[in-house]
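**Q** Sequence and predicted structure, then a few things I'm wondering about:
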Amino acid sequence: MSALIDNMSGEWAPEKHRDEYREVLEQTINEKIERPEKICRTRPR
């Protein structure tokens, strides 16, 4: 088990990973800033 973990582990390379959630969130925020009339509101309960 130790050999498997050693073979699969390595240095962290953040440039190989994208934060897709943050990208979509920033895009949504920017769209709301540019076009406030486009904001979708939920119906009151």
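**A** That came through fine.

**Q** buried residues in the one helix or strand residue 28 maps to?
**A** Here residue 28, judged by DSSP states H and E, is contained in helix 20-34. Buried residues in helix 20-34, counted by 16 or more other CB atoms under 10 Å: none are found. Any C-beta I mention is one placed from the backbone N, CA and C, and that applies to glycine too.

**Q** For that helix, enumerate the helices and strands it packs against.
**A** Other helices and strands packing on helix 20-34, by 3 or more CB pairs under 8 Å, 6 or more residues apart in numbering; DSSP states H and E, are absent; none qualifies.

**Q** For it, what does the pLDDT average out to?
**A** Per-residue pLDDT over helix 20-34 has a mean of 92.

**Q** Just the C-alphas of that helix, formatted as PDB.
**A** Output for helix 20-34, consisting of C-alpha atoms alone and laid out as PDB, is shown next (Å, rounded to 0.1, in the frame of the first residue of the first chain):
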ATOM      1  CA  GLU A  20     -14.000  26.300 -12.700                       C
ATOM      2  CA  TYR A  21     -16.500  27.200 -10.000                       C
ATOM      3  CA  ARG A  22     -14.800  30.500  -9.400                       C
ATOM      4  CA  GLU A  23     -14.600  31.200 -13.200                       C
ATOM      5  CA  VAL A  24     -18.300  30.700 -13.600                       C
ATOM      6  CA  LEU A  25     -19.100  32.700 -10.500                       C
ATOM      7  CA  GLU A  26     -17.000  35.700 -11.600                       C
ATOM      8  CA  GLN A  27     -18.600  35.500 -15.100                       C
ATOM      9  CA  THR A  28     -22.100  35.500 -13.500                       C
ATOM     10  CA  ILE A  29     -21.200  38.500 -11.200                       C
ATOM     11  CA  ASN A  30     -19.800  40.500 -14.100                       C
ATOM     12  CA  GLU A  31     -22.900  39.800 -16.200                       C
ATOM     13  CA  LYS A  32     -25.100  41.000 -13.400                       C
ATOM     14  CA  ILE A  33     -23.000  44.200 -13.100                       C
ATOM     15  CA  GLU A  34     -23.100  44.900 -16.800                       C
END
